[in-house]
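> Make a model of this:
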Amino acid sequence: MGMNRRQMLAGVAAAAAATGITGGAAHAAGTQDARLAAMLDRHAISLRALGGDDDGPVGDRSLEGRAAARRANTQRISELASVPRDSLSATARIDHDTAAFVYGVLDDQLARPGTIDLDLRPSPYVVSQMNGAYYWLPSQLGVRLKPDDAASRSAYLDTIAALARGVDQESARILHDGAQGVTPPDFVLAATLAQVRGLRDSDPAANPLLSRTVGADPELAAQAVQQFRQLVAPALDRQAAALETLTGRATSTAGVWAQPDGDANYASSLRANTTTSIPPAALHRMGLDWVRELSGEIDHDLRAVGLTEGSVGERIAALNIDPRFRQPDTDQGRAAVQKQAEAYLAAARGRLPRALTPLIDTPVEVRRMPRTSEDSSPVAFYNAGHDGAPGGVLLNLKTPSDLPSWRLPTLIHHEGVPGHHTQSAVMRDAGALSAFRRTARFSAWTEGWALYAEHMADEIGAYQDDPFGRIGYLQAQLWRAGRVVVDTGLHHERWSREQAVAYMVDVVGELPGPTAREVDRYCVYPGQACCFMVGKQQLVASRETARAAMGGRFALGDYNNLILRSGPLPMEVLDAMVRQWSAA
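Model prediction:
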């Protein structure tokens with residue numbers, strides 16, 4: 001996915017011309033542009049080491065490796081500062097400012113306990129129920145195996161040994177951070193210990209690292225199982241022991257504010273995730289305002305369809321189980337949900353010309369996600385098409401009653417058109433981004449677009465004859481707004497875990513069980529729950545600023561084209577780019 005520099009949008013090119021770079025100055029800018037591009041391509045290689053790379057997917061997870069990553073980032077900052085920003089073209093300044101943002105976040109986070117990945121998603125805890133080598137790597141390493149390839153078989157066995165080493169490296173960091181006073185909440189430790197021991201004791205057929213070999217290749221399976229039991233299982237034992245050393249002083253306090261330098265850590269994590277500089281207290285107030293506004297709009301729409309009794313949350317909960325919108329948990333019900341989703345997708349593609357100029361509409365279909373992944377997957381996700389295959393909106397159809405028809409259109413708009421599928425299709429049409437821009441990823445841009453797509457679908461007429469579908473759209477927006485309130489509530493306002501769950505259940509209308517698991521995720525990834533709504537709101541705000549500046553010259557399709565073809569950007573860089581474009 002991405003953009004070729006020669007295919008940069010005409011609007012951005014015009015902005016470059018508006019800076020007055022001509023003649024000899026243009027040549028100088030071109031020279032500095034080339035220098036920056038070569039530098040960032042080099043930087044991309046070292047950045048990828050943060051999460052392993054194709055040659056070593058486990059990576060270096062040791063204290064020494066983290067210190068080396070920080071030194072490398074300091075060097076990147078120094079090299080970037082040697083390129084005069086004012087000498088760059090408008091296009092190159094986007095790359096420069098994006099790099100400055102990434103390196104600034106890493107400079108702060110790599111000096112703190114915990115961990116951070118290439119999505120700039122920090123966690124104050126090296127290992128938890130949602131992160132760590134034991135959590136991410138077994139399924140990734142298992143999927144990489146090609147049983148018929150001798151080199152792949154050898155590499156697979158090597159990565160089992162590397163996984164054991166990575167687990168031990170993280171165990172050492174658990175003890176190191178614990179000595180500095182970092183202690184995950186007791187409920188996080190309990191869940192993490194259960195999962196670490198569960199992987200250690202799992203049957204090979206159910207172990208995501210080993211399962212592909214069982215039955216398919218008995219010889220390789222025997223080698224892999226032996227290696228797992230001799231190397232990985234003892235490392236997991238040592239990790240459990242390291243976690244156990246923290247249980248005696250763990251409390252039920254959920255927020256990162258209770259950890260050393262917790263308030264500053266949260267502000268840093270919030271900036272990394274949202275790619276903005278909104279302070280936590282201000283974002284909490286904004287979240288409350290968004291919830292209030294959306295609740296009022298939902299109340300209006302619920303009353304319009306005759307649902308007047310109870311709070312908004314109670315009426316949403318009633319809609320979840322309303323038999324008018326649910327299908328039975330049978331194959332017939334699965335087929336009915338898929339047929340409904342296909343109809344919504346076709347209608348969304350028909351509206352796409354209202355939202356995008358030029359029109360990029362590549363094949364996409366609704367599919368059932370693999371049954372083997374349904375238990376651990378959300379209700380839907382998007383898979384981009386490869387080698388001529390269409391993109392896919394994959395539905396979790398294990399329990400069709402979990403997908404009432406009033407929620408389906410918003411799922412299609414988010415995962416499909418004009419959401420992630422359109423995002424992927426336009427990026428692919430634009431050409432290849434540089435290695436650096438492919439390495440740096442921003443959830444506020446990726447997921448912010450999908451939430452913006454839900455909003456835009458309403459604007460271009462998706463719900464003219466579907467009042468319950470519009471309630472589904474508003475409720476999905478309310479859920480993301482509620483997540484902002486809860487995340488900032490936990491980590492800045494000192495809410496308890498129970499208070500956070502109650503807010504989502506009572507105010508937003510979510511179910512208690514799934515909400516408790518969601519809240520536990522917010523506890524170990526501070527700020528991450530905010531990136532969807534903050535990204536979406538910034539895309540709307542930047543759009544309306546451009547509309548006001550351009551007047552009759554503004555076109556929705558041109559704006560959306562600019563956002564998608566420019567590729568993933570921090571929101572602050574994106575807003576500056578839009579202002580430049582609208583002034584050109």
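
> Skipping adjacent residues, who's closest to L209 in space?
Distances taken as Cβ to Cβ, 6 or more residues apart in numbering put P138 closest to L209, at 3.8 Å, once the chain neighbours are dropped. (C-beta placed from N, C-alpha, C; glycine too.)

> Please look at the one you found and R212 and confirm they touch.
No - at 11.0 Å, P138 does not count as touching R212 under the criterion of Cβ atoms under 8 Å.

> ok so, going back, so is the residue nearest to L209 in a helix, a strand, or just coil?
Three-state call for P138 (DSSP: H, G, I helix; E, B strand; the rest coil): helix.

> That one and R173, how far apart?
Distance of P138 to R173, given as Cβ to Cβ, to the nearest Å: 19 Å.

> go on, T192?
The gap separating T192 from R173 is 14 Å, by Cβ to Cβ.

> With V485 instead?
From V485 to R173 the distance is 32 Å (Cβ to Cβ).

> between these two, who's got more neighbours?
Higher neighbour count among V485 and R173: V485, with 28 against 24, using other Cβ atoms under 10 Å.

> what sits against that one?
Residues near V485 by Cβ atoms under 8 Å, 6 or more residues apart in numbering: 284, 287-288, 291, 503.

> do that again at 6 Å, thanks
Going by Cβ atoms under 6 Å, 6 or more residues apart in numbering, V485 touches 287-288, 291.

> got it, and A164?
With contact set as Cβ under 6 Å, 6+ apart, A164 has these partners: 231-232, 235.

> Show the pLDDT at it.
A164 carries a pLDDT value of 97.

> That one and Q230, how far apart?
Relative to Q230, and taking Cβ to Cβ, A164 is found at 9 Å.

> cool, W445 as well?
44 Å.

> Kindly report the same for V519.
Look at V519 and Q230: by Cβ to Cβ, they are 38 Å apart.

> These two: who's more crowded?
Per other Cβ under 10 Å, whichever of V519 and Q230 has more neighbours is V519, with 26 against 12.

> The more buried one: what's it in contact with?
497, 500-501.

> what helices or strands is the strand or helix carrying D108 leaning on?
Here D108, judged by DSSP states H and E, is contained in helix 90-109. Applying 3 or more Cβ pairs under 6 Å, 6 or more residues apart in numbering; DSSP states H and E, one finds that helix 90-109 makes contact with helix 10-18, helix 23-48, helix 63-81, helix 571-583.

> mind running it again at 7 Å?
helix 10-18, helix 23-48, helix 63-81, helix 262-274, helix 435-439, helix 571-583 (3 or more Cβ pairs under 7 Å, 6 or more residues apart in numbering; DSSP states H and E).

> Quick check: phi and psi at the closest residue to Q195 other than its chain neighbours.
Take Q195 and drop its neighbours on the chain: the residue closest to it by Cβ to Cβ, 6+ apart is Q129, 5.9 Å away. For Q129, the backbone dihedrals are phi -70, psi -10 (criterion: degrees, to the nearest 10).

> What count of nearby residues applies to Q129?
Close neighbours of Q129, defined as other Cβ under 10 Å, add up to 23.

> ok, it touching V188?
Yes - between Q129 and V188 a contact is recorded at 6.1 Å, counting by Cβ atoms under 7 Å.

> Which neighbours do these two have in common?
Common contacts of Q129 and V188 (Cβ atoms under 7 Å, 6 or more residues apart in numbering): 520, 524.

> low-scoring pLDDT stretches of the stretch 301-450 of the chain, where are they?
For the stretch 301-450 of the chain, residues meeting the criterion pLDDT under 70 lie at 376.

> Okay, helices next: where are they in it?
312-320, 331-351, 408-415, 420-430, 435-439, 443-459 (DSSP state H, counting those that start in this stretch).

> what residues are up against the closest residue to A549 other than its chain neighbours?
Spatial nearest neighbour of A549, chain neighbours left out: S582 (4.3 Å); criterion: Cβ to Cβ, 6+ apart. When contacts are counted by Cβ under 7 Å, 6+ apart, S582 is found next to 546, 549-550.

> at 8 Å instead, please
Per Cβ under 8 Å, 6+ apart, neighbours of S582: 545-546, 549-550, 554.

> mind checking how far the residue most central in space within the chain is from H414?
Centroid-nearest residue in the chain, with Cα atoms, centre = their mean: S443, separated by 4.3 Å. Distance, S443 to H414, by Cβ to Cβ: 14 Å.

> can you check D149 too?
Distance from D149 to H414, by Cβ to Cβ: 37 Å.

> Equivalent analysis for E518, please.
Counting by Cβ to Cβ, the gap from E518 to H414 is 17 Å.

> Show me where this structure dips below the pLDDT cut-off.
1-29, 51-56, 376.

> what about the longest helix in it?
Of all segments of type helix in the chain, defined using DSSP state H, the longest is helix 150-179.

> following that one, which helix or strand comes up?
Following helix 150-179 in sequence order, the next helix or strand is helix 186-201 (DSSP H and E).

> any idea which helix or strand comes after that next one?
Counting by DSSP H and E, the next helix or strand C-terminal to helix 186-201 is helix 218-227.

> Centre of the chain to that following helix, how far?
The chain centre lies 35 Å from the centre of helix 218-227; the measure is Cα atoms, centre = their mean, to the nearest Å.

> cool, stretch 501-509 as well?
On the basis of Cα atoms, centre = their mean, stretch 501-509 is displaced by 23 Å from the centre of the chain it belongs to.

> Over to stretch 536-553?
For stretch 536-553, the distance to the chain centre is 25 Å (Cα atoms, centre = their mean).
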